[in-house]
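**Q** sharing a sequence plus its predicted fold:
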Protein chains: 2
Amino acid sequence: MIYYFDNCATTRADDKIVEILNRYHTERYFNPSARSSYSLEIAQDIVSARERIAKCLGCGADELIFTSGGTEADNLAIFGSLRKKSGNIVVTQAEHSAVFNPVAELGNRGYEIRYAKVLPDGRIDTEDFVSKVDGNTLLACFMHVNNETGAINDICRLNSLVKAKNPQTVTFSDGVQAVGKITVNLLHSGVDMYSFAGHKIHCTKGIGALYVKRSVRLVPTVLGGGQERGLRSGTEYVGGIVALAEAVETATDNMHLNAVNFEQYKFVLRQCLENSLRWKEICPEHSSPAIFSLAFADIKGEVLLHMLESYGIIVGTGSACSSKNKQSRVAKAIGLAPEYAEGMLRISFSKYNSVEQVRFLGEKLAEGLLRLRKTMMG
Amino acid sequence: MIYYFDNCATTRADDKIVEILNRYHTERYFNPSARSSYSLEIAQDIVSARERIAKCLGCGADELIFTSGGTEADNLAIFGSLRKKSGNIVVTQAEHSAVFNPVAELGNRGYEIRYAKVLPDGRIDTEDFVSKVDGNTLLACFMHVNNETGAINDICRLNSLVKAKNPQTVTFSDGVQAVGKITVNLLHSGVDMYSFAGHKIHCTKGIGALYVKRSVRLVPTVLGGGQERGLRSGTEYVGGIVALAEAVETATDNMHLNAVNFEQYKFVLRQCLENSLRWKEICPEHSSPAIFSLAFADIKGEVLLHMLESYGIIVGTGSACSSKNKQSRVAKAIGLAPEYAEGMLRISFSKYNSVEQVRFLGEKLAEGLLRLRKTMMG
């Protein structure tokens, strides 16, 4: 029996999703680009999937491009949208590696990268961000939900302030930790591009999508058979696409119920840690309900992670995608005090968690902390 | 009941593959980059999968990079291997769109693209190809098996001739229709890069790989969390990777048995068409056993395709990936006579076909041809 609380790293696929995938693996396996009527049906399944997702996210079906995941969507947005050979890009140090590293690469290629400040809870410092935008800003990247702290950025406000300063600036928001967790309305948000991935919402790995507003001209980064209106060639992972539609719908339908449960889970954890010393909640107020991000003084997150694992409890320490780095870039960006900087722990919920599981986690964490603190006192 | 003979477009996934995928969706779903011991196990599964594939293909495990499929692998090979800002690239018009179009894009970017001749059966004209290589040739692309005609190129010979003229030229072979169908030994072939995809060999869509020889320096085209030794970021589609290893092993193990069966299928089809008029086999001698490529005079391939479909028989007309174009680029490249140029039909086999199915196909094709020819005669 395991208690899985690392749902921001990845999630278990739903049984319904597995059913869909199986159907496309063994019955509806036809290539959507071939010419039989079976293939035309499969091509139609992709059309329907696109419509279902568009409805959930408040965009046009023709504004969605399927990719192999969030990282590819981020790369396509960043490398595909640049229309000029020089200019600046505004971003923060708190972005996910899949945005941060492509932008850094553009820095290597001669673009000017401007890093805006991040607040202690992980939110973007709006004023500082917007002050960095000028007439030469080609691209502005502001993630919707920070994957390490859970902080929610007001992307609607960021977008309109950026556009007010430079209507030509293309805006991009990484929505990988937002879709299915908090309300996403792409038309309302005004952003030009928005990325998300299946495996964070109980779908399969290997599928994601990029929203690109009709008015934005994108240049493909993968060329070939001309699938996805020429913007992303390669035989479509059709099962994954249909499963993604199902996963986005399910997550959207259950969003409010999940949020109520997750807030209760946070309440339980705060109660359990009430008497523990020298810890803090990183983003107590403006956070995704699905993420509970903590920092402990003078205790490594990794030590806590392994301690909890001995009880079958799985949690995370920041982003799985940057786990090879010792210290979190985000911990640095939010200005975490040195004694807390290596002590980040990310607890992330899914609908498969229960309040009993959460209480068990909270108790074991509190006990373990007490034991560790005593040992340290020697 | 359908009779599926379009296995070069895509294949039904094996039940064993579905089992593997299901296990990774609901039990072994952990993110291989996270820090728990469960995640370490998953990361180890990727290592094992790489070793299994390397063993089948005669390369080092560290020389394989997993991608979302053949198209992405081709794009990574082509865009990732260029080390100079100018020079020429040697290719043919018979390449798959996933190679042809990225190379054409390099033409737009100022590289010189040299198109070598193709023989009437779809094989590359070796002499012409090699004559186009010179001291400024950065990249030479020669597919292993032509996806429309089935022609097998002697990539070992092409590679050594190219390298003899310019040892600095990077060589790349698209092996999407070769892996699991004909013997592939990467070390022996000498090529620098080689791509293949899962869904052509009864694995899932959404997974493929690129072989890159240790001595070749590749620049990533997708940046992020640094997965795949930094050469292809993004959360790994682990189930797909393990399934790919299984699929490559299975296909390799059954290759010779399949080939014997497929050659029998071709024999049966030739018998059935014996008395039909004005058709030809495009690549009768140097073809992959899995592909039987035909051309009919003054009858559109598409008409035959739909006629066969009325009996539940699915075949292809050239590449599914370029099906939006009316006339096949490959038909043109091999210099098919005008009356045959729109009459291509590709019958491609898998282990799920039987000699009875093939006889049914052959009979219906011969009957249909007779009927169509009579109607045309008025």
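**A** Perfect, I can see it now.

**Q** where exactly do the strands run in the stretch 151-300 of chain A?
**A** A:170-174, A:193-197, A:208-212, A:279-281, A:291-296 (DSSP state E, counting those that start in this stretch).

**Q** the last one pairs with which strands, parallel or anti?
**A** It refers to strand A:291-296. strand A:279-281 (antiparallel), strand A:344-348 (antiparallel) (DSSP bridges).

**Q** and the next element down the chain from the longest one?
**A** Yep, that's strand A:344-348 we're talking about. Downstream of strand A:344-348, the next assigned helix or strand under DSSP states H and E is helix A:355-377.

**Q** which parts of the stretch 201-350 of chain A sit against chain B?
**A** A:204-207, A:221-227, A:233-240, A:302, A:305, A:309, A:314, A:316-317, A:319-324 (Cβ under 8 Å from any Cβ of the partner chain). Yep, even glycine has a C-beta here, placed from its N, CA and C like the rest.

**Q** list only those of those residues flagged as buried.
**A** In those, burial by neighbour count holds for A:204-207, A:221-227, A:233-240, A:302, A:305, A:309, A:314, A:316-317, A:319-323, counting by 16 or more other Cβ atoms under 10 Å in any protein chain shown.

**Q** got a list of what A:Asp128 touches?
**A** A:116-117 (Cβ atoms under 8 Å, 6 or more residues apart in numbering or on different chains).

**Q** stretch A:103-112 near chain B at all?
**A** Yes: against chain B, stretch A:103-112 shows contacts by Cβ under 8 Å from any Cβ at A:104-105.

**Q** identify each buried residue in that stretch, please.
**A** Going by 16+ other Cβ under 10 Å, stretch A:103-112 has these buried residues: A:103, A:105-106, A:111.

**Q** what's the closest of those residues to chain B?
**A** Set against chain B, the nearest of these by Cβ to the nearest Cβ is A:Glu105 (5.6 Å).

**Q** phi first, then psi, for A:Thr67.
**A** phi -130, psi -180 (degrees, to the nearest 10).

**Q** tell me how far it lies from chain B.
**A** Counting by Cβ to the nearest Cβ, to the nearest Å, the gap from A:Thr67 to chain B is 8 Å.

**Q** again with A:Glu27
**A** 8 Å.

**Q** the longest helix in chain A is where?
**A** helix A:238-273 (DSSP state H).

**Q** helices or strands next to that helix in the packing?
**A** Applying 3 or more Cβ pairs under 8 Å, 6 or more residues apart in numbering or on different chains; DSSP states H and E, we find helix A:238-273 packed against helix A:15-26, helix A:37-57, strand A:64-67, strand A:291-296, helix A:355-377.

**Q** of the ones you listed, which is nearest B:Asn7?
**A** Nearest to B:Asn7 among the helices and strands packed on helix A:238-273 is helix A:37-57; the distance by Cβ to Cβ comes to 13.4 Å.

**Q** show me what that closest one is packed up against.
**A** Counting by 3+ Cβ pairs under 8 Å, 6+ apart, helix A:37-57 packs on strand A:64-67, helix A:238-273.

**Q** next, the buried residues of it.
**A** A:38-39, A:42-43, A:45-46, A:49-50, A:52-54, A:56-57.

**Q** can you check stretch A:171-187 too?
**A** Buried, per 16+ other Cβ under 10 Å, within stretch A:171-187: A:171-182, A:184, A:186.

**Q** quick one, which of the helices and strands packed on helix A:238-273 is nearest to B:Phe196?
**A** For the helices and strands packed on helix A:238-273, proximity to B:Phe196 was assessed by Cβ to Cβ; helix A:15-26 is nearest, at 18.7 Å.

**Q** distance from the closest one to the middle of the chain?
**A** From the chain centre to the centre of helix A:15-26 is a distance of 24 Å (Cα atoms, centre = their mean, to the nearest Å).

**Q** quick revisit: just put the buried residues of stretch A:171-187 in CSV and tack on distance to chain B.
**A** What follows is those, written out as CSV (distance: Cβ to the nearest Cβ, whole Å):
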residue, distance to chain B
A:Thr171, 20
A:Phe172, 14
A:Ser173, 16
A:Asp174, 11
A:Gly175, 15
A:Val176, 10
A:Gln177, 13
A:Ala178, 17
A:Val179, 15
A:Gly180, 16
A:Lys181, 17
A:Ile182, 21
A:Val184, 20
A:Leu186, 22
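
**Q** got the residues you listed as JSON lines, with distance to A:Glu148 and pLDDT columns?
**A** Putting the buried residues of stretch A:171-187 into JSON lines (distance: Cβ to Cβ, whole Å; pLDDT from 0 to 100) gives the following:
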{"residue": "A:Thr171", "distance to A:Glu148": "22", "pLDDT": "98"}
{"residue": "A:Phe172", "distance to A:Glu148": "19", "pLDDT": "98"}
{"residue": "A:Ser173", "distance to A:Glu148": "16", "pLDDT": "98"}
{"residue": "A:Asp174", "distance to A:Glu148": "13", "pLDDT": "98"}
{"residue": "A:Gly175", "distance to A:Glu148": "16", "pLDDT": "98"}
{"residue": "A:Val176", "distance to A:Glu148": "12", "pLDDT": "98"}
{"residue": "A:Gln177", "distance to A:Glu148": "9", "pLDDT": "98"}
{"residue": "A:Ala178", "distance to A:Glu148": "14", "pLDDT": "98"}
{"residue": "A:Val179", "distance to A:Glu148": "17", "pLDDT": "98"}
{"residue": "A:Gly180", "distance to A:Glu148": "18", "pLDDT": "98"}
{"residue": "A:Lys181", "distance to A:Glu148": "15", "pLDDT": "98"}
{"residue": "A:Ile182", "distance to A:Glu148": "16", "pLDDT": "98"}
{"residue": "A:Val184", "distance to A:Glu148": "20", "pLDDT": "98"}
{"residue": "A:Leu186", "distance to A:Glu148": "24", "pLDDT": "98"}
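
**Q** of these, closest to B:Ala197?
**A** Closest approach to B:Ala197 among the buried residues of stretch A:171-187 (Cβ to Cβ): A:Val176, at 25.7 Å.

**Q** just the pLDDT at A:Ser328, thanks.
**A** Looking at A:Ser328, its pLDDT reads 81.

**Q** and A:Asn166, how far from A:Ala61?
**A** 29 Å (Cβ to Cβ, to the nearest Å).

**Q** which residues touch A:Lys300?
**A** Counting by Cβ under 8 Å, 6+ apart, A:Lys300 has contacts A:342-343.

**Q** how's chain A carved up into domains?
**A** A:3-10+A:254-377, A:15-249 (automatic domain parsing).

**Q** please name the nearest non-neighbouring residue to A:Leu273.
**A** Of all residues not flanking A:Leu273 in the chain, A:Ala366 sits nearest, at 5.7 Å (Cβ to Cβ, 6 or more residues apart in numbering or on different chains).

**Q** count of neighbours near the one you found?
**A** Using other Cβ atoms under 10 Å in any protein chain shown, A:Ala366 is surrounded by 18 other residues.

**Q** so it sits against A:Ser276, correct?
**A** Yes: assessed by Cβ atoms under 8 Å, A:Ala366 is found in contact with A:Ser276 at 5.4 Å.

**Q** gap between the spatially closest residue to A:Gly58 that is not a sequence neighbour and A:Met143?
**A** Counting by Cβ to Cβ, 6+ apart, A:Gly58 lies nearest to A:Asn185, which is 3.9 Å off, once chain neighbours are set aside. Per Cβ to Cβ, A:Asn185 is found 17 Å from A:Met143.

**Q** next one: A:Met344
**A** Distance from A:Met344 to A:Met143, by Cβ to Cβ: 17 Å.

**Q** quick check: the two most widely separated of the buried residues of stretch A:103-112?
**A** A:Glu105 and A:Tyr111 (9.3 Å).

**Q** wait, A:Asn88 sits on A:Leu138?
**A** Yes: using Cβ under 8 Å, A:Asn88 is in contact with A:Leu138, at 6.8 Å.
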